[in-house]
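Asker: Make a model of this:
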Amino acid sequence: MAFALIRVKIMPDSPSADLEKIERKTNEILTEAGSKSIKFEREPIAFGLTAVIAQFSWDDSEDSDELMGKIQSMHNISSAEIIDYRRAIG
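Answerer: Below you'll find the predicted structure:
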């Protein structure tokens, strides 16, 4: 069974968006989908806007489109994109 190590950049729609709430909701979505080793980082962008970077492992045989759709449809999210996708065997 192969796993993918994925990093997703989640951009809030405003600098006043609650990043902790975004992280909690993203964690719920990823956990329900069977992701493991979920970690979050924050990356300052500009003008007070901060992106949330979600890093997690995912079963490589699963399609990530549905998962990304759920993340992108969250409240206060401008965009979400996969910024790193690495396959690992384990």
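Asker: Bridged to the residue lying closest to Asp60 once chain neighbours are set aside, which residues?
Answerer: Leaving aside its sequence neighbours, Asp60 sits nearest to Ala2 (CB to CB, 6 or more residues apart in numbering; 4.1 Å). Bear in mind the C-beta positions are built from the backbone N, C-alpha and C, glycine included. Note on Ala2: beta-bridge partners Ile89, judged by DSSP bridges.
Asker: Now do the same contact list for Ala2.
Answerer: Asp59, Asp60, Ser61, Arg87, Ala88, Ile89, Gly90 (CB atoms under 8 Å, 6 or more residues apart in numbering).
Asker: Of the residues you listed, which is the most crowded?
Answerer: Counting neighbours by other CB atoms under 10 Å, Asp60 comes out on top of those with 16 neighbours.
Asker: next one: phi and psi at that one?
Answerer: Backbone dihedrals for Asp60, given as degrees, to the nearest 10, come out at phi -60, psi -20.
Asker: One more: the one 3 residues further on?
Answerer: According to degrees, to the nearest 10, the main-chain angles of Asp63 amount to phi -80, psi 130.
Asker: What of the one 5 residues further on?
Answerer: Backbone dihedrals for Met68, given as degrees, to the nearest 10, come out at phi -60, psi -40.
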